[in-house]
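**Student:** okay, sequence plus prediction incoming.
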Amino acid sequence: MNAFFVGIGGMGMSGLAKILQYEKNRVAGSDRNLNGDYCRRLKASGISIYPQDGMGPEIFLKENGLKPEDVLIVKSTAVEDNVPDIVTARRLGIREIMRSDLLSWMFNEKSGIAIGGTSGKTTTTGMVSWMLKFSGLDPSFAIGGILSGLDTNASEGHGKHFVIEADESDGSIVKYRPYVSLITNISRDHKTLEELKELFKTFSGNTKENGRIIFCADDQNTMALKPLLSREITTYGMSPEATIHPDAFVLARDHSIFSVKGVTFEILLPGKHNMQNALGAIAIGDFLGIPLKVISAALLAFPGMKRRFERIGMAKGVTVVDDFAHNPAEISAAIEAARKLSKRRFIVYQPHGFGPTRFTRDELVSVFSQLLENEYLYFDDIFYGGGTVEKDISSRDIVNKIRENFSNVQFLGDRNMIISDIAKKASCGDLVLVMGARDINTICRPLLDAIQ
């Protein structure tokens, strides 16, 4: 299946491009940001990437001796009809396919393991992918983040399993027919709770009859779906009533130790939320018949996900952490983990986009209004990725609202000013937590240099 990806630099798009390339297809794409991390990774693997100026599809056909009927144009819901490459593709008569349809077609052909939820799904998907690979099952996987030990977000394996992070934001989660489905939690993000519950109910109901549905017992919105499904459901979590739960546990500063069914587990990640993610992975491994001692060894060796509480470095005793957290639940979990590691926190947050920020505005204000006296918050501008969008909300608006309950918050309007201010104030034992799903992480290295 030869394919041209419009917006190939996105996490989900780049992963599928890699898998098609592994299968010896001819693959290329275009992107607005040719210097982004994923574009650089794809170019290094030999995939041609073009500016999004309408020329790419024609050049790709010509250079590979292909006809329009030999190629698919892959796009996502973020790609608008007036994007030049889409205009060119339609003029040439190239058939289009949504990214979610391509992934569901690839996934449904295999014994699929789909991890969904509002937060925690990237790390859980990474843990499961790593566990299966560690166990010799050689899965295919497509994750919404870079698995540190393998330095990739996707791979084509020779085993029967395909592990994916199932996205609910565009509703495409209902397209999957998993052998194993898992829901980490459900909270208001992108859609209302009612809409999300209906999506996750359908997703769970699509699980194959000989497979297994797995819910996090610690999340009441997820567990509210249980009576609506006439299926056997495995649960996991901190609650002793969960099928998979810790008999005993210790939450240390930067790791956790716990036991399940008499077997000891240790994960080198901070926070209760990561123990919950590990319990979800254990529930999947146990259902697949992987011995608990093997799962334990796999999770101890799990290297983590890039941009998931990733320690970028330390300068003069100040630790800088990069985290992908962008919705209220993820933000809360990241801050809770940071509190165990430092005397003071300097928190930098980049809002995800105008639509998501508008939708979760009240929740964001609530989360940040609960910060402590020894924490300092800096808001970056709301991310804008181009296209038509209503810009009727700003970071300054949110900061003014937060300031009603929490005074240590600033909108400086310039990243260099954020770096300079933190570098002047931070001292040994402090932690800088840089959060956001877009490009705010680019300040991490300059921040370390400035502190040094």
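**Tutor:** Cool, got the structure. Quick caveat, the model's predicted, so the values are computed rather than measured.

**Student:** hang on, residue 120 packs against residue 186?
**Tutor:** No - in this structure residue 120 lies outside contact range of residue 186 using CB atoms under 8 Å: 11.2 Å. All C-beta spots, glycine's among them, are computed from the backbone N, C-alpha and C.

**Student:** between those two, which is the more surrounded one?
**Tutor:** residue 186 (26 against 23; other CB atoms under 10 Å).

**Student:** need the pLDDT of the more buried one.
**Tutor:** Looking at residue 186, its pLDDT is 94.

**Student:** how close does it get to residue 58?
**Tutor:** 44 Å (CB to CB, to the nearest Å).

**Student:** same deal with residue 354?
**Tutor:** Distance, residue 354 to residue 58, using CB to CB: 33 Å.

**Student:** can you check residue 452 too?
**Tutor:** Look at residue 452 and residue 58: by CB to CB, they are 48 Å apart.

**Student:** okay, the two: which has more neighbours?
**Tutor:** residue 58 (17 against 11).

**Student:** hmm, that one is touching residue 94, no?
**Tutor:** No - Residue 58 is not in contact with residue 94 according to CB under 8 Å; the separation is 10.0 Å.

**Student:** the strands in the stretch 151-300 of the chain, which residues?
**Tutor:** Listed in chain order, the strands of the stretch 151-300 of the chain (DSSP state E, counting those that start in this stretch) span 152-155, 161-165, 180-183, 212-216, 233-236, 248-251, 256-260, 263-267.

**Student:** which one of those strands lies nearest to residue 40?
**Tutor:** Nearest of these to residue 40, taken as CB to CB: strand 152-155 at 13.2 Å.

**Student:** for that closest one, which strands pair with it and how are they oriented?
**Tutor:** In the sheet, strand 152-155 lines up against strand 140-147 (antiparallel) (DSSP bridges).

**Student:** put the alpha carbons of the partner strand into CSV.
**Tutor:** Taking C-alpha atoms only, strand 140-147 is exported to CSV below (Å, rounded to 0.1, in the frame of the first residue of the first chain):
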residue,chain,number,x,y,z
SER,A,140,3.3,-4.5,16.2
PHE,A,141,2.5,-1.3,18.0
ALA,A,142,1.5,2.3,17.4
ILE,A,143,1.8,4.6,20.4
GLY,A,144,1.1,8.3,21.0
GLY,A,145,4.7,8.9,22.2
ILE,A,146,8.3,7.7,21.8
LEU,A,147,9.2,4.5,23.7
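
**Student:** quick check: angle from it to strand 161-165?
**Tutor:** 40 degrees (axes from the mean of the first three to the mean of the last three CA atoms, to 10 degrees).

**Student:** mean confidence for strand 140-147?
**Tutor:** The average pLDDT for strand 140-147 rounds to 93.

**Student:** neighbouring contacts of it?
**Tutor:** Outside strand 140-147, the residues that touch it by CB atoms under 8 Å, 6 or more residues apart in numbering are 11-12, 15-16, 19, 103, 106, 110, 121-123, 125-126, 129-130, 152-157, 159, 161-165, 167, 303, 305-308, 324.

**Student:** for the nearest residue to residue 162 once chain neighbours are set aside, give me its contacts.
**Tutor:** Excluding the flanking residues, the one nearest residue 162 by CB to CB, 6 or more residues apart in numbering is residue 110, at 4.0 Å. Contacts here follow CB under 8 Å, 6+ apart; on that basis residue 110 touches 140, 160-162.

**Student:** before we move on, what about residue 252?
**Tutor:** By CB under 8 Å, 6+ apart, the contact set of residue 252 is residue 270.

**Student:** where does this protein dip in pLDDT?
**Tutor:** Within the chain, no stretch falls below the threshold (pLDDT under 70).

**Student:** domain ranges for it?
**Tutor:** Domain ranges of the chain: 2-98, 110-301, 310-451, per automatic domain parsing.

**Student:** would you mind measuring the gap between the ends of the shortest one?
**Tutor:** Across its full length, domain 2-98 reaches 15 Å end to end, with CA to CA, to the nearest Å as the criterion.

**Student:** kindly report the same for the last one.
**Tutor:** Start to finish, the residues bounding domain 310-451 are 18 Å apart (CA to CA).

**Student:** the longest one now?
**Tutor:** In terms of CA to CA, the two terminal residues of domain 110-301 are separated by 27 Å.

**Student:** also compute the angle for the lengthiest helix in the chain relative to strand 263-267, please.
**Tutor:** Identified as the longest helix of the chain according to DSSP state H is helix 272-288. With the same axes, to 10 degrees defining the directions, helix 272-288 sits at 130 degrees from strand 263-267.

**Student:** ok, residue 349 - contacts?
**Tutor:** With CB under 8 Å, 6+ apart, residue 349 has these contacts: 331, 368, 377-380, 435-436, 440.

**Student:** my bad, residue 255
**Tutor:** Neighbouring residues of residue 255 by CB under 8 Å, 6+ apart: 266-270.

**Student:** what about residue 222, how many neighbours?
**Tutor:** Using other CB under 10 Å, residue 222 has 26 neighbouring residues.

**Student:** what's the separation between it and residue 42?
**Tutor:** Separation of residue 222 from residue 42 (CB to CB) stands at 35 Å.

**Student:** kindly report the same for residue 394.
**Tutor:** As defined by CB to CB, residue 394 lies at a distance of 34 Å from residue 42.

**Student:** comparing those two, which shows the higher neighbour count?
**Tutor:** Between residue 394 and residue 42, counted using other CB under 10 Å, residue 42 has the larger neighbour count: 25 against 16.

**Student:** the helix or strand hosting that one: how far from the chain's middle?
**Tutor:** Secondary structure assignment for residue 42, by DSSP states H and E: helix 37-44. Put simply, helix 37-44 sits 18 Å off its chain's centre (CA atoms, centre = their mean, to the nearest Å).
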